[in-house]
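[1] With the input below, show me the fold.
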Amino acid sequence: MKILLTIGVGDVGKYLLTYCLQSTHTTEVICLTRKPSGFKHAKLTEYVLTDFEDYLRHLEIFKSLSAVLHCMGPPEGTIRNLEKVLVHDTVTFAEIVAKYSPGTTFCFLSRARIDRTEKSHHEYLNYLGRAENNLTALPLKFYSIRPEVIFPTMRRDEFTFKRMVFYIFFWIYYLLLRYFMGVTNSVKTTELAYAIFNVGLFGADREILNTDDIIAYSNRPS
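    I've put the predicted structure just below:
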């Protein structure tokens, strides 16, 4: 299987790339990323994009795709061009996929509580809803992956002072969400990455996967 993966700088993309490279089901893995992943593998072809639209210089990579795992969110500090990044860039990218590999699976890492009616008080959720409305209209097998809270996972060799500080602040953030906003659903980064991998390669029985679905699909054998 030929997999096209887009990742940012977070842990989800790192774990997802690991699973793709380790899988016996994949024969070619193409990774679009903002920063070098540091991975070296015979299956892997990596493109570091200064600007996301730089992929337009490499249209040949979109041919004969088995699945696209689109996990690259907005770059840090993106505020003014949020609509362009979340809607225009995402939809244009998917249109290229549909043009060169019609019918392929397209997994989109979205967010919980997005609004496809585009009537939310939060423009971020409206933009994601508008993006999904456009994606569902394309000739693709579309899946929306919607985690509520993504809980960081750290291996023993990843414990550094910087990451420990982040981990402590995340716990504070999570407790505030849980006890003051009623948000109780969370998914580990490893679970989220594994669920995206499984749905991308083997499909799912529904288009929208919320936290409980994500956990269920993360436990399925690949």
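[2] pLDDT below threshold where in this protein?
    Along the chain, the parts satisfying pLDDT under 70 run over 9, 75-80, 151-184, 220-222.
[3] what's the domain layout of it?
    Domain ranges of the chain: 2-148+186-218, 156-184, per automatic domain parsing.
[4] now, of those domains, which is deepest in the fold?
    Each of these was scored by mean neighbour count; the highest is domain 2-148+186-218, a mean of 18, by mean count of other Cβ atoms under 10 Å. The way it works is simple: take the backbone N, C-alpha and C, and place the C-beta from them, glycine included.
[5] Run the chain-centre distance for that domain.
    When distances are taken as Cα atoms, centre = their mean, to the nearest Å, domain 2-148+186-218 is centred 4 Å away from the chain's centroid.
[6] Can you give me the end-to-end span of that domain?
    Using Cα to Cα, to the nearest Å, one end of domain 2-148+186-218 lies 21 Å from the other.
[7] show me where the chain has strands.
    Listed in chain order, the strands found in the chain under DSSP state E are 2-7, 28-33, 44-48, 67-70, 105-109, 141-145, 149-151, 186-188, 208-209.
[8] Run through who's touching the second one.
    I take that to be strand 28-33. By Cβ atoms under 8 Å, 6 or more residues apart in numbering, the list of residues contacting strand 28-33 from outside reads 1-8, 13, 17, 20-21, 37, 39, 41, 43-49, 52, 55, 61, 72.
[9] so what strands line up beside that strand?
    If you go by DSSP bridges, strand 28-33 pairs up with strand 2-7 (parallel), strand 44-48 (parallel).
[10] Please identify which of those is closest to Asp205.
    The closest of the strands paired with strand 28-33 to Asp205 is strand 2-7. By Cβ to Cβ, the value is 21.1 Å.
[11] relative orientation of the closest one and strand 105-109 in degrees?
    Going by axes from the mean of the first three to the mean of the last three Cα atoms, to 10 degrees, strand 2-7 is angled at 10 degrees with respect to strand 105-109.
[12] Between the strands paired with strand 28-33, which one is closest to Pro139.
    Here strand 2-7 is closest among the strands paired with strand 28-33 (Cβ to Cβ), at 16.3 Å.
[13] Show residues contacting that closest one.
    Contact with strand 2-7 is made by 13-14, 16-17, 20, 26-33, 37, 61-62, 64-72, 93, 97, 200-201, as judged by Cβ under 8 Å, 6+ apart.
[14] tell me, what residue is most central in this structure?
    For the chain, the residue lying nearest the average C-alpha position, counting by Cα atoms, centre = their mean, turns out to be Cys71 (2.1 Å).
[15] Skipping adjacent residues, who's closest to that residue in space?
    Distances taken as Cβ to Cβ, 6 or more residues apart in numbering place Leu109 nearest to Cys71, at 4.3 Å, with adjacent residues excluded.
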